[in-house]
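# The amino acid sequence is not available; the structure is as follows:
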């Protein structure tokens, strides 16, 4: 089994590692994204990390990088990044291949995470897998018929923008009732704050963040419990629509908000059982992501290795 | 190019034909489904029609049949049919293969229609296709990554049961706000009747059926126009969620309700443009089904031929 370098390019930091068989053998020095202005200086920093990781395994031949934004994974071009300025139509794959001599893949971050969970994490052995990440935003990735599904413009999997109420809360892309507008990090905190305030309980917005809210719920706080019930029911309603449409065998739920575990999973399961036919939910696995923050590193390394293998098979 | 027999098994009638290259060369005698009690007598009628069509082309080697209900297309077993009693776990493929000596495929009717539209109809050359049929019920079929997508229990594509309002109208399978509960044939008529009645206009439910309602809208009837606007907006909202999730290149809209054409398509397009990012809708084709009532016959014949070809390639 060969090793590969996986890079998880985020708006706050860029994590990397040398990966073999789904395990991180060595981590690269963390890059703080906002310290760099523009693509060129960041490319230099990326090359240094790659060189560092190659010293640990001079035989490494593949490099996978995942980025948040509009990424053309077929041509390896980054069209635009979310919260990272200066990345407009950067031919990242060609640049990195030229500079490193490695076989490079460039992928959307949510797809890479889904790929990692499918190959080595919670969705192992799944054939039709829906991954959803609940954080500040709600993202997703799909494995269908045993392969990463990207769609026509390589933008598929945006479960957070699916509407749960066609006349609901307006969102940034013109949709109404997009799931993200109900169960994003900030929306959860805002809802809790409002309920506490209506009940005469003084809290700050920070005290209503998902981590704190989960603690409160576990201590028996009725308002916190109610918020998690509602959030789980809404995520469950959106997933029920996904189940009717795609009939998956596995749903993986990750991201910071998913750390509420049973507080979130119980109402999600209740929603799925209540809203779909038994043939759809009886054999459905609904599981927490297991690779956590490493899903991107591991998924990108796996994508790069699989791409290298298919290039060797189809020269 | 070989010919194949395609059979479209419906609750009211069973249509069949000898198909070559997507065209029906000869039609089989229509079978009136309710005249037969149970699977055995219907199987006899099916065999007669098959014999009739084989006389037109003695070289035919493949037969595809599509049925409404829970169908295991991998094992060729009909678990249960919608509105047709007496079909419980019938090993239809094996029965027909034994009795006819043909290579037989058994498929869900909506999948077969989607396959027909993709191979020979409105979705030709599409790679990621969402087909939706609007009638008494709302069904669907998916072609993803250039292949029919069936999902884990072979039940995928049920767009009519996706929710557009998670706290909306309750439906038969426990879901709330299922699209079908707003835009099914009867629901459209019921909504129109209510609006006419509130406006003091006397109409019968029959006069509010989609065909009549489309005529009224074209004659400038404001209530009828309003109903089509609302129905199109609701279908469009559901499709917008599908677009965010699957990023298709083609959406095919068929079924009786789709005969309202521009009255329905204009608000659907408006919804899609308003509710999704331009990269998703700019290159998206939204088209009316072109094979109409023949999509099932043609699609099932195509499925049977393709199955025959793959059996020959993987003996």
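Done, it's in. Predicted model, so just to flag it, every value in this text is computed and none were measured.

# what helix or strand is the closest residue to residue A:100 other than its chain neighbours on?
Nearest non-adjacent residue to residue A:100, counting by Cβ to Cβ, 6 or more residues apart in numbering or on different chains: residue A:50, 5.5 Å away. In short, each C-beta sits where N, CA and C put it, glycine included. Here residue A:50 sits within helix A:39-56, counting by DSSP states H and E.

# what residue is smack in the middle of chain A?
residue A:110 (3.7 Å; Cα atoms, centre = their mean).

# for it, what are its contacts?
Contacts for residue A:110 (Cβ atoms under 8 Å, 6 or more residues apart in numbering or on different chains) come out as A:131, A:133, A:139-141, A:157.

# Got phi/psi on residue A:72?
Per-residue torsions, residue A:72: phi -90, psi 100 (degrees, to the nearest 10).

# and if you look at residue A:237?
phi -70, psi -40.

# That one contacts residue B:162, correct?
No. If you go by Cβ atoms under 8 Å, residue A:237 and residue B:162 don't touch, sitting 10.2 Å apart.

# Enumerate the residues of the stretch 51-200 of chain A near chain B.
Residues of the stretch 51-200 of chain A lying close to chain B (Cβ under 8 Å from any Cβ of the partner chain) are A:70, A:127-128, A:140, A:142, A:144-145, A:147, A:149-159, A:161-168, A:173-177.

# run the last query once more with 7 Å
A:70, A:127-128, A:144-145, A:147, A:149, A:151-153, A:155-159, A:161-166, A:173-175 (Cβ under 7 Å from any Cβ of the partner chain).

# Now list the buried members of these.
A:70, A:127-128, A:144, A:149, A:151-153, A:155-159, A:161-166, A:173, A:175 (16 or more other Cβ atoms under 10 Å in any protein chain shown).

# Now the helix or strand harbouring residue A:306: buried residues?
Element membership for residue A:306 (DSSP H and E) is helix A:295-313. Buried residues in helix A:295-313, counting neighbours by 16+ other Cβ under 10 Å, are found at A:295-308.

# mind checking pLDDT for the closest residue to chain B within the stretch 1-150 of chain A?
Closest to chain B within the stretch 1-150 of chain A is residue A:128: 5.1 Å, counting by Cβ to the nearest Cβ. Note for residue A:128: predicted pLDDT of 98.

# how about the nearest residue to it, chain neighbours excluded?
Excluding the flanking residues, the one nearest residue A:128 by Cβ to Cβ, 6+ apart is residue A:248, at 4.4 Å.

# Just want the phi and psi numbers for the one you found.
Torsion angles, degrees, to the nearest 10, at residue A:248: phi -70, psi 160.

# how many neighbours does it have?
28 (other Cβ atoms under 10 Å in any protein chain shown).

# Check residue A:97 too.
Residues lying near residue A:97 (other Cβ under 10 Å) number 15.

# and the closest residue to it other than its chain neighbours, what does it touch?
Excluding its sequence neighbours, the residue lying closest to residue A:97 (Cβ to Cβ, 6+ apart) is residue A:104, at 4.9 Å. Applying Cβ atoms under 7 Å, 6 or more residues apart in numbering or on different chains to residue A:104 gives the contacts A:63, A:76, A:93, A:96-97, A:304.

# My reading is that residue A:104 lies in a strand. Confirm?
Yes. Membership of residue A:104 in a strand is supported by DSSP: H, G, I helix; E, B strand; the rest coil.

# any idea how far residue A:95 is from it?
Residue A:104 sits 9 Å away from residue A:95, going by Cβ to Cβ, to the nearest Å.
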